[in-house]
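Show me the folded form of this:
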Amino acid sequence: MRISSEDAALRDLLAQVATQAARDAVALSRSSPPPPRRFLNTAEAADYLSVSSQTLEVWRMKRIGPRYTKLQRGVRYDVTELDAFMRGEVEDGQGVRLVETRRGG
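So this is what the prediction gives:
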């Protein structure tokens, strides 16, 4: 089958567009910052909120701070919950969310 000159020109143009799109995607991936961490430990969450770790611990005892999750023995704060707390969208006494984990066996 013979390819006309118009078909060849169109094929070349499509190849150029695809090559440029690939280059743009690579450049964008290199310039984009990494996505933020979703869960923070107590020290990281305290830094994020500009309070001390001890303040977060007191808030947890009094059930007045941002929501947190207990994972086995550790406490983790979801960044979206911290943002909601800073905007005043979290009610006091919201409690803790416990995450059950299974031990291997």
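
going forward, measure contacts between C-alpha atoms and count neighbours the same way
Fine.

element containing Lys70?
Take DSSP states H and E as the rule and Lys70 turns out to sit in strand 69-71.

Name every strand pairing with that strand and say which way it goes.
Strand pairing for strand 69-71, determined by DSSP bridges: strand 74-78 (antiparallel), strand 97-99 (parallel).

Which of those has the lowest mean pLDDT?
Comparing mean pLDDT across the strands paired with strand 69-71, the lowest value falls on strand 97-99: a mean of 43.

residue contacts, the nearest residue to Thr80 once chain neighbours are set aside?
Leaving aside its sequence neighbours, Thr80 sits nearest to Arg38 (CA to CA, 6 or more residues apart in numbering; 7.6 Å). By CA atoms under 8 Å, 6 or more residues apart in numbering, Arg38 lies in contact with 78-80.

Check the spacing between Arg38 and Tyr77 real quick.
Using CA to CA, to the nearest Å, Arg38 is found at 8 Å from Tyr77.

what mean pLDDT would you report for the longest helix seen in the chain?
Counting residues, the longest helix in the chain under DSSP state H turns out to be helix 5-31. Averaging pLDDT along helix 5-31 gives 80.

buried residues in that helix?
Using 16 or more other CA atoms under 10 Å as the test for burial, helix 5-31 gives no buried residues.

After it, which helix or strand is next?
Using DSSP H and E, the helix or strand that follows helix 5-31 in sequence is strand 39-40.

Now do the domain split for this protein, please.
With domains defined by automatic domain parsing, the chain comprises 1-32, 39-99.

so which of those domains is the most packed in?
domain 39-99 (a mean of 15; mean count of other CA atoms under 10 Å).

And the pLDDT for Glu91?
In this model, Glu91 is scored at 58, pLDDT.
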